[in-house]
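Participant: quick check, what structure comes out for this input:
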Amino acid sequence: MEHGERVIIEGVEFKAALTIRSDIGLLALHGAKEGGTAELAHEVAARTGATALVFTQPFGSPVHIPSHRMSEASCEALREFLSHVSLTVSLHGHLRPEAPRSIFLGGANREAARVLGRPLALLTPAFDTVTDLELIPNGLRGLNPRNPVNLTRAGGVQVELPLAARTSRPEKVQGAPETPPRAVADALATGVGKLTAERLG
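Facilitator: Here you go, the predicted structure:
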């Protein structure tokens with residue numbers, strides 16, 4: 001089942017696209033601002049039979065609204081996602097200059113983070129996968145209890161991807177979809193498949 005919704009959050013218009021499948025959910029809250037996360041969420045969900053909810057901004061320059069404030073919006077698609085899904089994999093992008101190749105796995109469900117991290121760890125040396133919360137920058141840990149990644153029944157994993165793990169384009173092309181690296185999409189799909197098989201949600 002697919003559901004599209006236009007919603008205003010803090011004065012910014014978003015398009016929320018929800019596709020209901022299994023009780024594992026792929027979430028991209030900042031699909032317009034954090035390039036490649038929308039495309040990865042759609043692809044990985046389709047390949048694994050997972051539910052997907054992707055927020056994009058159809059007009060103007062993309063605005064970043066913190067995740068915990070997104071959860072306070074009056075959004076039917078988000079409410080339906082949170083009630084249907086048991087475990088969330090929330091895809092984000094970071095631009096930390098000190099960590100241009102680091103994939104950080106935060107969120108409240110630490111066992112799920114470790115399971116998801118195993119196939120991502122095979123991307124070494126192209127990327128370093130970090131699951132130890134002590135080694136993840138505070139702002140990327142995804143532990144706020146109001147963050148949507150933590151509002152499903154089993155919580156979830158916040159995946160913070162550097163630019164090189166989200167797009168294969170050397171430069172941003174306005175209005176064109178991003179092309180995430182195949183190896184990253186494959187590793188995420190494998191990890192979500194393992195989460196489904198192990199029923200960590």
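Participant: number of nearby residues for residue 44?
Facilitator: The criterion is other Cβ atoms under 10 Å. On that basis, residue 44 has 25 neighbouring residues. Heads up, the C-betas are built off the backbone N, CA and C, glycines and all.
Participant: that should have said residue 74, apologies.
Facilitator: When neighbours are defined as other Cβ under 10 Å, residue 74 has 9 of them.
Participant: how about the secondary structure of it?
Facilitator: Taken by DSSP: H, G, I helix; E, B strand; the rest coil, the conformation at residue 74 corresponds to coil.
Participant: residue 21 is in contact with residue 49, correct?
Facilitator: Yes - under the criterion of Cβ atoms under 8 Å, residue 49 lies in contact with residue 21, with a separation of 5.1 Å.
Participant: these two: which is more packed in?
Facilitator: A side-by-side neighbour count of residue 49 and residue 21, using other Cβ under 10 Å, places residue 21 first with 17 against 12.
Participant: contacts only, for that one.
Facilitator: Neighbouring residues of residue 21 by Cβ atoms under 8 Å, 6 or more residues apart in numbering: 45, 49-52.
Participant: buried ones only from these, please, as a PyMOL command.
Facilitator: The following PyMOL line selects those of the contacts of residue 21 that are buried, judged by 16 or more other Cβ atoms under 10 Å:
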select buried, resi 45+50+51+52
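Participant: among the contacts of residue 21, which two are most distant?
Facilitator: 49 and 52 (10.4 Å; Cβ to Cβ).
Participant: could you list the residues in contact with stretch 150-158?
Facilitator: 25, 27, 71, 82, 85-90, 92, 104-109, 112-113, 116, 140-144, 147, 149, 200-201.
Participant: these in helices, which ones?
Facilitator: 82, 112-113, 116 (DSSP state H).
Participant: how about JSON lines for the residues you listed, with neighbour count added?
Facilitator: Formatted as JSON lines, the entries for the ones in helices among the contacts of stretch 150-158 read as follows, by neighbours: other Cβ atoms under 10 Å:
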{"residue": "82", "neighbour count": "18"}
{"residue": "112", "neighbour count": "25"}
{"residue": "113", "neighbour count": "28"}
{"residue": "116", "neighbour count": "28"}
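Participant: just the closest of the residues you listed to residue 129, please.
Facilitator: After measuring the ones in helices among the contacts of stretch 150-158 against residue 129 - Cβ to Cβ - the closest member comes out as residue 116, at 9.1 Å.
Participant: so for that closest one, what's the pLDDT?
Facilitator: On pLDDT, residue 116 comes in at 98.
Participant: correct me, but it touches residue 192?
Facilitator: Yes - with contacts counted by Cβ under 8 Å, residue 116 reaches residue 192, the gap being 7.2 Å.
Participant: overlap in contacts, those two.
Facilitator: Taking Cβ under 8 Å, 6+ apart as the criterion, residue 116 and residue 192 both touch residue 89.
Participant: follow-up on the earlier one: reformat the contacts of residue 21 as CSV; add pLDDT, secondary structure and distance to residue 125.
Facilitator: Compiled in CSV, the contacts of residue 21 are given as follows (pLDDT from 0 to 100; DSSP: H, G, I helix; E, B strand; the rest coil; distance: Cβ to Cβ, whole Å):
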residue, pLDDT, secondary structure, distance to residue 125
45, 98, helix, 28
49, 97, coil, 31
50, 98, coil, 29
51, 98, strand, 33
52, 98, strand, 30
